[in-house]
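Colleague: give me coordinates for this.
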Amino acid sequence: MARIAPADIPGIDTEHLDRAQRVQLGVAGILMHRPDFAGALGSVSEAINHGGTLPRRLVELVRLRIAFHNQCRSCMAIRYDEAVQDGVTEDVVCSLERPADADDLSEAERAALRYADLFATNHLAIDDAVYDDLRRYFTEGELVEIGLNCAIDVGIGRLTATWDVTDDLPDDFQVSYSETATPWNAETPIIVA
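Modeller: Residues are numbered from 1 along each chain as shown. You can find the predicted model right below:
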């Protein structure tokens with residue numbers, strides 16, 4: 001059971017939702033205790049995810065890698081359909097275990113994932129050399145997008161992990177937080193439209 005009870009959302013028939021909708025509603029329901037904040041966060045997320053130029057595959061790989069660092073179970077359990085359509089297969093997700101060694105990731109993806117790893121674990125180690133490496137593949141605007149994606153993923157993912165929104169997740173994400181969960185060992189990821 002989530003540590004914060006979801007608020008009632010008018011007009012939502014919770015009894016007829018599929019698993020993906022229940023997982024999304026778990027977090028959204030908690031955010032709805034502050035509807036103005038939820039709406040603003042939704043607008044920011046929409047702008048970052050659909051107003052930018054980065055491939056959905058890259059955004060999803062960064063999101064999943066950061067979800068691992070955050071140990072956000074609901075974040076690790078889902079795959080966004082747009083990213084799946086853009087080439088995020090479970091084999092590619094398995095590459096996130098050791099992205100530096102993965103043959104099915106591009107050099108640009110590996111550079112962005114190195115940045116995401118540092119952003120999530122040691123942000124002050126992001127120096128000129130890290131940005132110089134990123135500039136080999138990304139424009140200044142795309143660097144802003146990558147940074148904003150990382151900021152949202154780290155912050156919201158950590159918050160969501162503290163809420164422990166795992167009720168509707170597959171069994172492999174129902175484990176204690178004393179155990180490490182990974183997106184690359186997910187038996188049944190949830191595809192979200």
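
Colleague: so the most centrally placed residue in the chain versus residue 14, what's the distance?
Modeller: Closest to where the C-alpha atoms of the chain average out (C-alpha atoms, centre = their mean) is residue 63, at 3.2 Å. Relative to residue 14, residue 63 is positioned 26 Å away (C-beta to C-beta, to the nearest Å). Placement of C-beta: from N, CA and C, glycine included.

Colleague: swap in residue 172?
Modeller: Residue 172 sits 24 Å away from residue 14 when distances are taken as C-beta to C-beta.

Colleague: so those two - more neighbours on which side?
Modeller: Per other C-beta atoms under 10 Å, whichever of residue 172 and residue 14 has more neighbours is residue 172, with 17 against 12.

Colleague: give me the residues contacting the longest helix anywhere in the chain.
Modeller: The longest helix of the chain (DSSP state H) is helix 140-163. Helix 140-163 is contacted from outside by 2-4, 27, 30, 41, 44-45, 48, 52-54, 59, 62-63, 66-67, 69-75, 112, 115-116, 119-120, 131, 134-135, 138, 177, using C-beta atoms under 8 Å, 6 or more residues apart in numbering.

Colleague: in PyMOL, select just the buried ones from those residues.
Modeller: Here is the PyMOL command that selects only those of the contacts of helix 140-163 that count as buried (16 or more other C-beta atoms under 10 Å):
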select buried, resi 2+27+30+48+52+54+59+62+63+66+67+69+70+71+72+73+74+75+112+115+116+119+120+134+138
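
Colleague: out of the contacts of helix 140-163, which sit inside helices?
Modeller: Secondary structure from DSSP H places 27, 30, 41, 44-45, 48, 59, 62-63, 66-67, 69-70, 73-75, 112, 115-116, 119-120, 131, 134-135 of these in helices.

Colleague: which non-adjacent residue is nearest residue 9?
Modeller: Spatial nearest neighbour of residue 9, excluding adjacent residues (C-beta to C-beta, 6 or more residues apart in numbering): residue 32 at 5.4 Å.

Colleague: what about the one you found, neighbour count?
Modeller: Residues near residue 32, counting by other C-beta under 10 Å, number 18.

Colleague: residues contacting it?
Modeller: By C-beta under 8 Å, 6+ apart, residue 32 lies in contact with 6-9, 38.

Colleague: in a strand, residue 191, correct?
Modeller: Yes: assessed by DSSP: H, G, I helix; E, B strand; the rest coil, residue 191 belongs to a strand.
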